[in-house]
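Participant: 3D model of this:
(one chain, ligands or ions: 1)
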Amino acid sequence: MGRADVVVGAQWGDEGKGKWVHRMARDYKLVVRFQGGNNAGHTVYHHGQKFVLHHLPSAVLYPQVACALTAGMVINPVVLKQECHALEKQVQLSAVRLWISAAAHVITPWHIRLDRGREQEQAKPIGTTRRGIGPAYSTRALRCGLRMADYIDAKRCAGWITQMQGEPHFAVSQREDRQLWEDFARAADFLRPYVCAAETRVRQKIRAGDAVLCEGAQGTLLDINCGTYPYVTSSSTLAAAALCGVGFAPRACGKVYGIAKAYLTRVGNGPFPSELHGDTAAQLRQRGAEFGATTQRARRIGWLDCVALRYAQELNGFDGLVLNKLDILAGLPAVKLCVAYQHPEQGRLLEFPCDYRILEECQPVWEEYEGWTAAIPTQGRIAALPPAALAFVHRIENLAECTVIGVGTGIAAEDFLVR
Ligand code: IMP
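Facilitator: Here you go, the predicted structure:
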């Protein structure tokens, strides 16, 4: 019996999961997405060329690795088709190596309209990616969603559309989003050959002892159950979600890797105790190119929050943590870590509060360290870091109670220091 390893984000997404998965994927036979949809934007540099992937795992760039999009996902067929087309020159896709779950739920133009409408109407919007993710998971939960198997069957898809006519805004969407519905219908022919019982195949691979890697999207603090609800995404983003999103037993779970950045970002609304404003935030945003890969929104910036990171460690049990973008901090006179929260009534908190209102009222408790001006080596060993940078990494390990196995040092695929 083999095991599937899992990679998840340890923060609010955008930690650089795609880059680490791209590095690891060479050693795997199969890479699997198990939740989320095209709210994700995984940026990878492959042979010097930039790719932004939304549904497909970054492993798709390796012709020898198979890729599966499984039942826990929601899929926008038009975007997935475009994504496949954009890769045509780089890689050959075939049904042998791209498996799209028949059970995954489909994002329709109506779901996108609903997402946009809700965001516009709310006094305190979530700040979603407006890709229809929440509404697609909602119809899944209501048991009236459209699954991939039904979508690629023209008769069943037409039946579903008829059945949904009475739903709020559905008829309006059909009328006003006509072009989108036409594109939607057309994409089915392209995707049909790839749709299969992807989960069964994944389990067969695990059983056969093949190396399987599950690639998470978004991040731990956006988890629907354990994140800063309601300012979260609509799926579970934890390592445990791989088990449910694919369907395999807990004992078949192998190593779990967490990906974080050496500072913190968040897109969308919601509490962010270690958030920075002013010059340092602007400088880090610019240097770190902190603009959304999916929506181009400027990301909110803060110092690394070690209370939140230890929470992520507790929820996922990382065997190793990758700390990306340490190079972005180089040259700052001082760097900070949030090591606790101060709450006006509850005093000093060392545990991440699950109630977002409490988190909103928290002030960060800082530790400040001297910065480092020496250039960080881009490749080699973590031990080769300048002493101040190494001390910073050690302090993070200590506070978050996990082992840093990799440090991201630049945008090139090889730019990592390892333990
Ligand atoms: P949704 O997933 O589009 O419903 O958005 C819900 C929340 O999750 C918003 O705050 C989004 O900005 C955030 N979010 C969703 N996907 C990502 C991602 O891939 N990276 C970072 N934030 C994300």
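Participant: contacting residues around His394?
Facilitator: Not one residue lies near His394 by CB atoms under 8 Å, 6 or more residues apart in numbering. (Glycine included, C-beta is placed from N, CA and C.)
Participant: Surely Ile328 is in a helix?
Facilitator: Yes - looking at Ile328 with DSSP: H, G, I helix; E, B strand; the rest coil, it is inside a helix.
Participant: doesn't Thr265 make contact with it?
Facilitator: No - assessed by CB atoms under 8 Å, Ile328 is found out of contact with Thr265, at 10.7 Å.
Participant: Common neighbours of these two, please.
Facilitator: The contact sets of Ile328 and Thr265 overlap at Gly288 (CB under 8 Å, 6+ apart).
Participant: How about the secondary structure of Gly254?
Facilitator: strand.
Participant: what residues are up against it?
Facilitator: By CB under 8 Å, 6+ apart, the residues touching Gly254 are 2-6.
Participant: Can I have the buried ones of these as a PyMOL selection?
Facilitator: Buried residues within those, by 16 or more other CB atoms under 10 Å, are selected in PyMOL with:
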select buried, resi 4+5+6
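Participant: what's the burial count for Ala141?
Facilitator: 10 (other CB atoms under 10 Å).
Participant: Next one: it, what pLDDT does it get?
Facilitator: The pLDDT attached to Ala141 in the predicted structure is 98.
Participant: Could you do Arg297 as well?
Facilitator: pLDDT, the model's per-residue confidence, is 89 for Arg297.
Participant: what separates it from Tyr229, distance-wise?
Facilitator: Going from Arg297 to Tyr229 by CB to CB, to the nearest Å gives 21 Å.
Participant: Now do the end-to-end distance for stretch 265-274.
Facilitator: 10 Å (CA to CA, to the nearest Å).
Participant: Could you see whether the ligand lies near the one helix or strand in the chain whose mean pLDDT sits lowest?
Facilitator: The helix or strand of the chain with the poorest confidence is strand 42-46; it has a mean of 85 (mean pLDDT, DSSP states H and E). No - Strand 42-46 does not reach the ligand (CB under 6 Å from any ligand atom); its nearest approach is 8.0 Å.
Participant: helices or strands next to that strand in the packing?
Facilitator: Contact partners of strand 42-46 among helices and strands, from 3 or more CB pairs under 8 Å, 6 or more residues apart in numbering; DSSP states H and E: helix 17-24, strand 49-53.
Participant: pLDDT weak spots in the stretch 201-350 of the chain?
Facilitator: Applying pLDDT under 70 to the stretch 201-350 of the chain flags no residue at all.
Participant: So which residues on it come close to the ligand?
Facilitator: Checking the stretch 201-350 of the chain against the ligand by CB under 6 Å from any ligand atom, the hits are 217-218, 222, 231, 233-234, 267-268.
Participant: and if we set it to 8 Å?
Facilitator: 217-219, 222, 231-235, 266-270, 292-295, 297, 299 (CB under 8 Å from any ligand atom).
Participant: Could you pick out the buried ones from those residues?
Facilitator: Buried, going by 16+ other CB under 10 Å: 217-219, 222, 231-235, 266-270, 292-295, 299, out of these.
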